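> What shape does this take:
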Amino acid sequence: MPWSDHAIWWHVYPLGFLGAERAALPPGEPPRHRLPVLADWLDHLLALGCNGLALGPVFAAETHGYDTTDHFRVDPRLGTEEDLTELVERSAERGVRVLLDGVFNHVGRSFGPFQDVVRHGAASPYADWFVPEGDDFRTFEGHRHLVALNHENPEVADHVAAVMEHWLDRGVAGWRLDAAYAVPRPFWRTVTDRVRARHPQAWFSGEVIHGDYAAYVTEGGLDSVTQYELWKAVWSSLNDTNPHELAWSFERHNALLDTFPPQTFVGNHDVTRIASRLHEPRHLAHALAVLFTVGGIPSVYAGDERAWQGVKEERAGGDDAVRPAFPARPEELGEDRLAVQRLHQTLVGLRRRNAWLVRAQTQVHTLDDTVLTYTLTDPAAGPGSGAAVAVALNFGAAPATGAVPAAPWTRGAGDGDVDAGSGTVSLPAFGWCVATAPGIPG
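Next up is the predicted model:
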């Protein structure tokens, strides 16, 4: 298995997490050495059972980090290149890989090459890096402050590859590719092929919200994409007490697993936190049970392990609630919602002991108005052999039963019970259960 198949990411949005200023520092201001604080959170990351630190934007930017002005410079609000490389090195000493967030679809208007075009027009050597549109230039989804790069220009591919290699040379493990869906897939193929020639172990995950997920792997050369379809199905099916929606999503998810393991999540820096999204707090355990049992490469958004609240709003500053500042040290989190953190630890531990789940497909057994049960078996094992995991979820407010194949099941988490002899699962109201077995008899 490649290292990425064992990855469980702890996802941090550094500008918010570290309490950085909302806008770039004035010229001449000394850097704020905030990044080293993240090293003090490595124990917390490891205690969760994670082994990867997925960082949001860390490069020089105008405001929120996705308006990059220099891909080769760490944002002075966070520190310096030395601060970042030290964090990468200290993470590596603990067996933790670091993923960087690359914004290569668009740039901020203060981006050096774009400013050269503003000053010199067609005479600029960077004139073909951008696409004129009306009296201005093409932008990302209508946001004037985000100027789209011209991905038909080979020099843009040269620049992106150079940025990736620069930071991979300094020890990072791979890249999350922001707005990957807005970039032509042949561009990604050109860049990833070139970078892999020097860094064959690099991992690339693209932000793809909708569309042909698998094509970004087969045509674009990425390793994974964000599984927004499953994310939506998890909270929507729970809120609507509709197990059928989640079961349907499993079919699509299984098809993706034929090609690649998607990057799975129930929260990230761009969406309302799962604890705020769910109408029924007891459904949080159901969402986590799905995240840590279905195939894919899971990530935990910092704060979700304590059931932090936060609603994303479609307005200026509407992301602030889901990107708050954290204390300097994990001990300062106190005891609030510690039970949710322990639940994460239990489920991540189960995932670690069954690493084959990364590519395992889901088989549904019970599907009715309130109950969903499913199993996963080691895809490398033959029929009737190899490890198995069973999951049972009661979406409803009354006790219920379901069934999985009879096997020597051992409950690993939850408040339901599985009868090993018959496979009958008994679930209290809003109950759930995850069980393991050495195999399901054929």
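
> what kind of secondary structure is Phe72 in?
Secondary structure state of Phe72, per DSSP: H, G, I helix; E, B strand; the rest coil, is strand.

> correction: Glu251
Per three-state DSSP, Glu251 ends up helix.

> Also Leu372?
strand.

> which ones are touching the closest residue to it other than its chain neighbours?
Distance criterion C-beta to C-beta, 6 or more residues apart in numbering; nearest residue to Leu372, sequence neighbours excluded, is Pro243 at 3.8 Å. For every residue, glycine as well, the C-beta is placed using N, CA and C. Contacts for Pro243 were tallied using C-beta atoms under 8 Å, 6 or more residues apart in numbering; they are 237, 367-372, 393, 395.

> are any of the residues you listed buried, and which?
The neighbour count (16 or more other C-beta atoms under 10 Å) marks 237, 367, 370-372, 393, 395 as buried among these.

> of all the residues you listed, which two lie farthest apart?
Ser237 and Val371 (12.2 Å; C-beta to C-beta).

> so what's in contact with the two at the same time?
What both Ser237 and Val371 touch, as defined by C-beta under 8 Å, 6+ apart, is the set 243, 395.

> ok, which stretches of the chain are helices?
Secondary structure of the chain (DSSP state H): helices at 14-17, 36-39, 42-48, 81-93, 112-120, 154-168, 185-198, 213-218, 228-239, 243-257, 274-277, 284-291, 338-353.

> Using CSV, write out the CA atom coordinates for stretch 301-317.
C-alpha atoms of stretch 301-317 as CSV (Å, rounded to 0.1, in the frame of the first residue of the first chain):
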residue,chain,number,x,y,z
TYR,A,301,-11.2,19.5,10.3
ALA,A,302,-9.6,21.0,13.4
GLY,A,303,-12.3,21.7,16.0
ASP,A,304,-14.7,19.0,14.7
GLU,A,305,-13.1,16.6,17.1
ARG,A,306,-14.6,18.7,19.9
ALA,A,307,-17.9,19.3,18.0
TRP,A,308,-17.2,22.9,17.5
GLN,A,309,-20.1,25.0,16.1
GLY,A,310,-19.8,27.3,13.1
VAL,A,311,-22.1,28.3,10.3
LYS,A,312,-20.8,29.4,6.9
GLU,A,313,-22.7,32.4,5.5
GLU,A,314,-22.7,33.7,1.9
ARG,A,315,-21.4,37.2,2.6
ALA,A,316,-18.1,39.0,3.2
GLY,A,317,-16.5,37.5,6.2
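
> pLDDT on it, on average?
Mean pLDDT, stretch 301-317: 95.

> count of residues packed around the residue lying closest to Ala429 once chain neighbours are set aside?
Residue nearest to Ala429 in three dimensions, not counting chain neighbours: Ala397, with 5.1 Å by C-beta to C-beta, 6+ apart. Ala397: 12 surrounding residues under other C-beta atoms under 10 Å.

> go on, Val117?
Neighbours of Val117 using other C-beta under 10 Å come to 21.

> Enumerate every residue touching the closest residue to it other than its chain neighbours.
In space, and not counting its chain neighbours, Val117 is closest to Ser124: 4.5 Å by C-beta to C-beta, 6+ apart. With contacts defined as C-beta under 8 Å, 6+ apart, Ser124 is in contact with 113, 116-117.

> Now do stretch 8-18: distance from first to last residue.
Stretch 8-18 has an end-to-end distance of 22 Å (C-alpha to C-alpha, to the nearest Å).

> From Trp248, how far off is Gly267?
In this view, Gly267 and Trp248 are 22 Å apart by C-beta to C-beta, to the nearest Å.

> So for the residue nearest to Ala429, what's the pLDDT?
On the pLDDT scale, Ala397 gets 98.

> how much space is there between it and Arg282?
Plainly put, Ala397 is 9 Å away from Arg282 if you go by C-beta to C-beta.

> Pro383 touches Gly442, doesn't it?
Yes. In this structure, Pro383 is within contact of Gly442 by C-beta atoms under 8 Å, at 4.8 Å.

> what do these two both touch?
Common neighbours of Pro383 and Gly442 (C-beta under 8 Å, 6+ apart) do not exist.

> pretty sure Thr377 is touching Pro441, no?
No. If you go by C-beta under 8 Å, Thr377 and Pro441 don't touch, sitting 11.5 Å apart.

> Compare those two (neighbour count), which wins?
A count of neighbours by other C-beta under 10 Å puts Thr377 above the other of Thr377 and Pro441, at 24 against 11.
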